[in-house]
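> Got a sequence here, can you model it:
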Amino acid sequence: MAHPPSTRAPQAPVAAPASAPPAPGHPPAPAPRRGGWAESRERLRAAATTEPGRLWIIGTVVALLVVAFGAVTAWEVSDRAAAADDVVSRSQPLSADAASIYRSLADADTAAASGFLAGAHESHDVRLRYESDIATASRLLVKAAANTTGASDSGRSIAALNEQLPVYNGLIEQARANNRQGFPVGGAYLRYANERMTKQLLPAAQDLYEAETGRLYDDYDQAETWPYAALAVGVVALGALFWVQRRNYLRTNRVLNHGLLAASAASAVVLLWLVAGHAVAAADLSTSRSHGQESLKVLNDARISSLQARANENLTLVARGAVQTKDGKDQYDTDYAAEMKDLVGKLGSAGELADDTSGRTPVKDAQDGVTQWQERHQSARKTDDAGDYDDALTQVIGASGSTGQSFDRVDAALAKAIDHEQHEFTRAASDGKGALAGLPLGAAVLAVLGAAAAGVGVSRRLAEYR
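Numbers count the residues shown, from 1 in each chain. Sure, this is the predicted structure:
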């Protein structure tokens, strides 16, 4: 039996599902996990929509700011305190030792020339002075080498001095031995030794002194630099604490929050301590620099000029005109005049830098001694130019009324002035170092207490929502 054709319209095919349902017995695939940072941000965002959450975030940020203030203060002040300690206990003593090396070498050269002029009548004191100067220079070179590296400028200067000093000493001994036997070649050895001293040893000692003094000034600059980072963080921390307390007042009409107030007080104490302590330290260090170290530098330079002038004065008699300038003048007498002119100028500067009677008095005595020295030197030169060598020699190295006595007067006055200025430096620099004592530890402790107080203050507010 035939079936009639269907009258229904054909239906469109049904689209297959995007993904097949899980087979029976298999769990659905887990949703992709979010990163820990993203989850933390979501929690913070959710917490920030409620007042307790906002208070928790604010308290955490304020506590971290207070702790950061204490940490930065402790770090920066420790750095400056270390630099101030270096000024007092390392760099300035090394600079002073370098100046002593220069002075000892120049004084040894002066003593050697004086002893040579005396010949067989060389006094025991003069010989002992020369040996003491050489021993002092050698000892201080060992000390300086222990506090520097061989690759530094100071290390190279020390190496040059250690190499040349035995050679110089050997030349002096040869000059002395020949002179005691009456051989004229002794004078040549002495002049050669003096040339080595002035052209090799003293320039190396000068380089060492300048390098150590430069390191001292670097420590000064580091110690006196203001701790700007700590000051900035401190101002931000106090500003944040003020804002939190003002917000608390506007929302609750409560004027005081004891925890936040204690945190503010602790931060304010640290900030004031930082400003006052550093200001006092910088002022004391500046005083030690201007009225201590600068005076010491000028006085040391003046003492070296006097020593070199004395050596040139002695060598004028030793050479007897054998060494001349291009225009036919005596080289050593010309160098003497130049050193004396330099000495007069440096003593004038030292007098201006001296800030008390104890500092000015020895400088004035040295100036009077220089005037006397110059007068006696002119008299000795006239006598020598007139052909009376023995009388001129007496006027230079004699026991009474000689230029040697005037030189000793100048040297003793300068030594007294240097001792005074060294004491002034040590006192002022030690005061500057002491002004920073306790600040790093105090800042750290107060910061921890302030952060804890801020946390307690905020937790009291959070407790009101429970």
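
> any low-confidence regions in the stretch 251-400 of the chain?
253-255 (pLDDT under 70).

> need the contact list for I304.
With contact taken as CB atoms under 8 Å, 6 or more residues apart in numbering, I304 is in contact with Y102, R103, A106. (Each C-beta comes from the backbone N, C-alpha and C, glycine too.)

> After the host helix or strand of it, which helix or strand is next? Please name it.
I304 belongs to helix 294-319 when assigned by DSSP states H and E. Counting by DSSP H and E, the next helix or strand C-terminal to helix 294-319 is helix 331-353.

> angle of that next one against helix 294-319?
160 degrees (axes from the mean of the first three to the mean of the last three CA atoms, to 10 degrees).

> other SSEs contacting helix 331-353?
Counting by 3 or more CB pairs under 8 Å, 6 or more residues apart in numbering; DSSP states H and E, the packing neighbours recorded for helix 331-353 are helix 294-319, helix 357-385.

> looking at the ones you listed, which is buried most?
Neighbour counts (mean count of other CB atoms under 10 Å) averaged over each of those peak at helix 294-319, with a mean of 25.

> Give me the distance between that one and the centre of its chain.
28 Å (CA atoms, centre = their mean, to the nearest Å).

> tilt between that helix and helix 357-385?
Orientation of helix 294-319 against helix 357-385 (the same axes, to 10 degrees) gives an angle of 10 degrees.

> So which of the contacts of I304 is the closest to A151?
A151 lies nearest to Y102 out of these, by CB to CB, at 22.4 Å.

> Contact partners for the closest one?
L202, A205, Q206, L208, Y209, N300, I304.

> Would you confirm that the first one contacts A108?
No. Under the criterion of CB atoms under 8 Å, L202 is not in contact with A108, lying 10.7 Å apart.

> more crowded one of the two?
Neighbour totals were compared for L202 and A108, and A108 leads with 28 against 20 (other CB atoms under 10 Å).

> so what's the more buried one closest to, chain neighbours aside?
Nearest residue to A108, sequence neighbours excluded (CB to CB, 6 or more residues apart in numbering): D133, at 3.7 Å.

> Determine the next helix or strand in the C-terminal direction from whatever helix or strand A159 lives in.
Using DSSP H and E, A159 sits within helix 153-180. The C-terminal neighbour of helix 153-180 among helices and strands, as given by DSSP H and E, is helix 185-196.

> tell me the angle of that following helix relative to helix 331-353?
Using the same axes, to 10 degrees: helix 185-196 against helix 331-353 is 40 degrees.

> Show me what helix 185-196 packs onto, helices and strands only.
By 3+ CB pairs under 8 Å, 6+ apart, helix 185-196 packs against helix 92-118, helix 153-180, helix 294-319.

> if we can go back for a sec, which helices and strands sit right next to the helix holding A159?
Judged by 3+ CB pairs under 8 Å, 6+ apart, helix 153-180 is in contact with helix 92-118, helix 124-146, helix 185-196, helix 202-224.

> rewinding a little: okay, the contacts of Y102 in CSV with distance to H377 next?
Below are these laid out as CSV (distance: CB to CB, whole Å):
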residue, distance to H377
L202, 22
A205, 26
Q206, 25
L208, 31
Y209, 28
N300, 23
I304, 18
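
> Can you give me the distance of the residue lying closest to L285 once chain neighbours are set aside to V233?
Using CB to CB, 6+ apart and skipping the chain neighbours, the partner closest in space to L285 is G432 (3.9 Å). Going from G432 to V233 by CB to CB, to the nearest Å gives 24 Å.

> wait, isn't R409 in contact with T371?
No. Assessed by CB under 8 Å, R409 is found out of contact with T371, at 10.7 Å.

> any residues in contact with both of the two?
Taking CB under 8 Å, 6+ apart as the criterion, R409 and T371 do not both touch any residue.
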